[in-house]
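Visitor: Build the 3D model from these lines:
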Amino acid sequence: MGKQLIQTHRFPNGLTLVTESMLDVQSAAFSILVPAGSIYDPAERRGTASILSDLISRGAGPYNSEQLSCALDDLGVQRHEGVSGAHISFSGATLADNLAETLKLYALILRAPHLPENQFDASRAGVAQALLSVEDDARQKALVELKRHAFPAPWGLPSDGELEHLALITIEDVQQHYQTSFHPDDTIIGVAGNIDFEQVKQQIEEIFGDWQPSEGREEPALEFDTEKQFFTEQETTQTHLGIAYDAVPYGHPEYYAAWAAVGILSGGMSARLFTEVREKRGLCYTVSASLTGMPGLGRVLCYAGTTSERAQETLDVTLQELSRLGEGIEESELERCKARAKSSLIMSQESTSSRASSIARDWFYLKHITTLDQINEEIQQLTTERVLGYIHAHPAANFTVLTIGPQPLEVPSDIS
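Guide: Sure thing, here's the model as predicted:
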């Protein structure tokens, strides 16, 4: 990996700037994380943050919605706004020469949005469409519901909100969420590309330095689901399975061993779940596993889509493969994981957008930046013994199982 120049600065008002200079590119990208995500939604107004993430860019400062959009387009900014559990995020990429003017516009969006009441209904309707699209996508619906039960509320709840709550949300709720949540303390700005750190730091000081910090707020209490099996009846010829179990979170000393364990299960067409469940037995048309988490808590989330006639066998075999991982892994399986990781890291190294997002995410989870060389070294030093040690210390067990289909399935008592 090439040498990375990463620099950070925390301003007196609590805002943190994290940069990575990439002098061999002509672009610059940014990722702004404001701690205003869906976990801060009022209990009966789930969807407030999602509406705000859309409405906030519909005019700011001297610009109305159309003028602001044109100003960003004139700068060639490829941009996105979104909401996650922890944050409302703003990301974009443009020519490095246009970064300063772009950040000025985003300072207006963050600090002086219009939040126009006459466009509130359109923003709310857009969120409703996103939630309805999940209802029409059985795989996505299964994963959304699995996450709901695998993680404590409010972290496990859908970041777009709850469809039945949207009609209750008012423009005043959205304005209040903005007033409560949009402050510099704990806001993170990640910038990567052909940049000069001192120049970027000076500009951030100029446009955000007098942004006033909040008076503090309580973090939402965590509510854990004690149930482990869930069934949603749906008259269809297909059954959708979700399986979750405990893992270590990002930042844990054994995180990369956990990553490798999941990669051996679901890291391509040669991985175990694809080979054993789909290819050898033809039980399902898709099967996958991924490592995900929240601060301090990790989970492996698995999904399989199959016909209802073969659903029980699909569940049984998938659970067996998850449990069987601790019996041993081949050196070749680990080497394939390492090869995929190296390829992914090299491609990430070439993307300013990827790097801006990664360094902002790292700061949120770790309060320091993990370089690509450090990641590569962690992965290349993995051995089958270390990965097996992780699996034995954190076995696939105590499963949360979700089924969407015509009938519930039996979870074997010797596995669950």
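
Visitor: Tell me who's in contact with residue 290.
Guide: Going by Cβ atoms under 8 Å, 6 or more residues apart in numbering, residue 290 touches 262, 266, 300, 301, 302. C-beta: built from backbone N, CA, C; applies to glycine.

Visitor: nope, residue 23 is what I was after
Guide: Contacts of residue 23 (Cβ under 8 Å, 6+ apart): residue 194.

Visitor: shift numbering so it begins at 34
Guide: Sure, I'll start counting at 34 from here, so that last one is residue 56.

Visitor: Just say helix, strand or coil for it.
Guide: Each residue gets one of three states, and residue 56 gets coil by DSSP: H, G, I helix; E, B strand; the rest coil.

Visitor: next one: phi and psi at it?
Guide: phi -80, psi -10 (degrees, to the nearest 10).

Visitor: Tell me the pLDDT of residue 34.
Guide: Listed pLDDT for residue 34 reads 56.

Visitor: now the end-to-end length of stretch 221-240.
Guide: Its start and end residues considered, stretch 221-240 measures 14 Å (Cα to Cα, to the nearest Å).

Visitor: Please compute how far it lies from its chain's middle.
Guide: Centroid separation for stretch 221-240 versus its chain: 24 Å, with Cα atoms, centre = their mean, to the nearest Å.

Visitor: Stretch 53-65 now?
Guide: Distance, stretch centre to chain centre, for stretch 53-65: 21 Å (Cα atoms, centre = their mean).

Visitor: What ranges does this protein have for its helices?
Guide: Remark: helices assigned in the chain by DSSP state H are 81-88, 98-107, 132-144, 153-168, 171-183, 204-214, 230-241, 288-299, 305, 344-357, 364-382, 385-399, 405-413, 417-426.

Visitor: looking at these, which is buried most?
Guide: Mean neighbour counts were compared across these using mean count of other Cβ atoms under 10 Å; the top stretch is helix 81-88, at a mean of 27.

Visitor: quick one: average confidence on it?
Guide: Across helix 81-88, the average pLDDT comes to 99.

Visitor: Run through the neighbouring helices and strands of it.
Guide: strand 111-116, strand 121-128, helix 153-168, helix 204-214 (3 or more Cβ pairs under 8 Å, 6 or more residues apart in numbering; DSSP states H and E).

Visitor: middle-most residue in this protein, spatially?
Guide: The centre of the chain sits closest to residue 117, judged by Cα atoms, centre = their mean, with a distance of 6.6 Å.

Visitor: Any chance of the helices of the chain in CSV with distance to residue 255 as columns?
Guide: CSV is the format used below for the helices of the chain (distance: least, Cβ to Cβ, whole Å):
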stretch, distance to residue 255
helix 81-88, 18
helix 98-107, 37
helix 132-144, 28
helix 153-168, 24
helix 171-183, 13
helix 204-214, 19
helix 230-241, 31
helix 288-299, 21
helix 305, 33
helix 344-357, 26
helix 364-382, 32
helix 385-399, 17
helix 405-413, 29
helix 417-426, 24
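
Visitor: Which of those sits closest to residue 438?
Guide: helix 344-357 (6.1 Å; Cβ to Cβ).

Visitor: centre of the chain versus the closest one, how much separation?
Guide: For helix 344-357, the distance to the chain centre is 27 Å (Cα atoms, centre = their mean).

Visitor: right, and the residue nearest to the centre of the chain touches residue 71 too?
Guide: Yes - at 7.2 Å, residue 117 counts as touching residue 71 under the criterion of Cβ atoms under 8 Å.

Visitor: Low-confidence regions, the chain specifically.
Guide: 34-36, 447-449 (pLDDT under 70).

Visitor: Walk me through the domains of it.
Guide: If you go by automatic domain parsing, the domain ranges for the chain are 38-241, 262-438.

Visitor: Dump the ones you listed to TSV, plus distance to residue 249.
Guide: Shown next, in TSV, are the domains of the chain (distance: least, Cβ to Cβ, whole Å):
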stretch	distance to residue 249
domain 38-241	8
domain 262-438	18
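
Visitor: contacting residues around residue 133?
Guide: Going by Cβ under 8 Å, 6+ apart, residue 133 touches 232, 236.

Visitor: make it 10 Å
Guide: 61, 108, 228, 232, 233, 236, 239, 240 (Cβ atoms under 10 Å, 6 or more residues apart in numbering).

Visitor: Equivalent analysis for residue 72, please.
Guide: 82, 117-120, 186-190, 192, 252-253, 255, 327 are the contacts of residue 72 under Cβ under 10 Å, 6+ apart.

Visitor: And the residues you listed, which of them are buried?
Guide: When those are checked for burial by 16 or more other Cβ atoms under 10 Å, the buried set is 82, 117, 118, 119, 120, 186, 187, 188, 189, 190, 192, 327.

Visitor: For the residue lying farthest from the centre of the chain, give its distance to residue 438.
Guide: Note on the chain: the largest C-alpha distance from the chain mean falls to residue 342, namely 33.7 Å (Cα atoms, centre = their mean). Going from residue 342 to residue 438 by Cβ to Cβ, to the nearest Å gives 11 Å.

Visitor: Check the contact lists of those two and give me the overlap.
Guide: Taking Cβ under 10 Å, 6+ apart as the criterion, residue 342 and residue 438 both touch 270, 272.

Visitor: mind listing what the residue nearest to the centre of the chain touches?
Guide: Contacts of residue 117 (Cβ under 10 Å, 6+ apart): 66, 70, 71, 72, 82, 86, 188, 192, 327.
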